[in-house]
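In: coords please:
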Amino acid sequence: MRCQLCLNLSWQPICKHCLDTLLAPNLSKRVLEDGLEVYSFYGYSEISKLLHTKHTYIGAKIFLQLSQHSMVEFLKPFANQEIYALPIDDHVRSGYSHSALLAKGLEKYIKPKYKALRAKNRFRYSGQKLAIRKNSKRDFKLVCEKGLSVILIDDIVTTGATLIEAKSVCEKANINVLFALTLADARG
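Out: Below you'll find the model as predicted:
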């Protein structure tokens, strides 16, 4: 296969050279209006080409690779604690769930909790205007044990509305949301 960035031969969708040079994570933090801290590892413009692969076969490999490359180091201090990765709306679409793959990449340090936070609203938010995104609630259904500590996992933080809604649903069910992790921040 060829690296998706430099087109050199590679065993992975992104070669080690491109990971180390072009995709060195640059941790940023955004605090949403409800106080939720969201940590991102790239600006959207830095990895938009890769994020747009999320509904393709190669995208599954890319999302797993990016999760392991960027988020895993950040989570080392949380190893051996009872903390769960809670992927946002991990419905399988186009063959896989990108948020579930991101959570899977973290299982070395925190345990994924699949099928726990699902949107009942099937509205597609990608590419929609800000006003439409803010007025279209996900209407999450939470199926999870009470008292857990979780980290919310998603690919992109744009307005933050999805993460705020997810946190609210979790808190109402006595789930402790520590913070959220995303690959990219749309402000970057």
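In: Helix, strand, or coil at Ser99?
Out: Here Ser99 is recorded as helix under DSSP: H, G, I helix; E, B strand; the rest coil.
In: before we move on, what about Ala180?
Out: Ala180 ends up strand, using three-state DSSP.
In: I figured it hits Leu36, correct?
Out: Yes - the pair Ala180 / Leu36 is scored as a contact, 6.0 Å apart, by Cβ atoms under 8 Å. Just so you know, the C-beta spots here come from the backbone N, C-alpha and C atoms, and that holds for glycine as well.
In: hmm, which helix or strand of the protein has the shakiest average pLDDT?
Out: helix 130-135 (a mean of 64; mean pLDDT, DSSP states H and E).
In: Quick one: the helices in this structure, in order.
Out: Taking DSSP state H as the criterion, the chain contains helices spanning 16-21, 44-51, 57-66, 72-75, 98-104, 130-135, 161-172.
In: ok now do the most centrally placed residue in the chain, which residues does it touch?
Out: What sits nearest the mean C-alpha location of the chain, by Cα atoms, centre = their mean, is Asp154, with 2.3 Å. By Cβ atoms under 8 Å, 6 or more residues apart in numbering, the residues touching Asp154 are Pro87, Ile88, Ser99, Leu102, Thr162, Leu163, Ala180, Leu181, Thr182.
In: Just give the nearest non-adjacent residue to it, would you?
Out: Spatially, and ignoring its direct neighbours in sequence, Asp154 is nearest to Ile88 (4.3 Å; Cβ to Cβ, 6 or more residues apart in numbering).
In: Tell me the backbone dihedrals of that neighbour, please.
Out: phi -70, psi 120 (degrees, to the nearest 10).
In: let's number from 677 now, not from 1
Out: In the new numbering, first residue 677, that becomes Ile764.
In: ok, it - how many residues close by?
Out: 25 (other Cβ atoms under 10 Å).
In: I'd like to know how far it sits from Ala842.
Out: 6 Å (Cβ to Cβ, to the nearest Å).
In: Need the residues touching each of the two.
Out: With Cβ under 8 Å, 6+ apart as the test, Ile764 and Ala842 both reach Leu793, Leu828.
In: what stretches of the protein score poorly on pLDDT?
Out: 769-770, 799-812, 864 (pLDDT under 70).
In: switch to 80 and redo it
Out: 767, 769-771, 797-814, 864 (pLDDT under 80).
In: which residues are contacting stretch 709-716?
Out: 703-708, 750, 828, 833, 836, 839-840, 843-844, 853, 855-861, 864.
In: swap the cut-off to 6 Å and go again
Out: 704-707, 833, 839-840, 843, 855-858, 860-861 (Cβ atoms under 6 Å, 6 or more residues apart in numbering).
In: Quick check on those residues: which are buried?
Out: Those of the contacts of stretch 709-716 that meet the buried threshold are Ser704, Arg706, Val833, Leu839, Ile840, Lys843, Ala856, Leu857, Thr858, Ala860, Asp861, by 16 or more other Cβ atoms under 10 Å.
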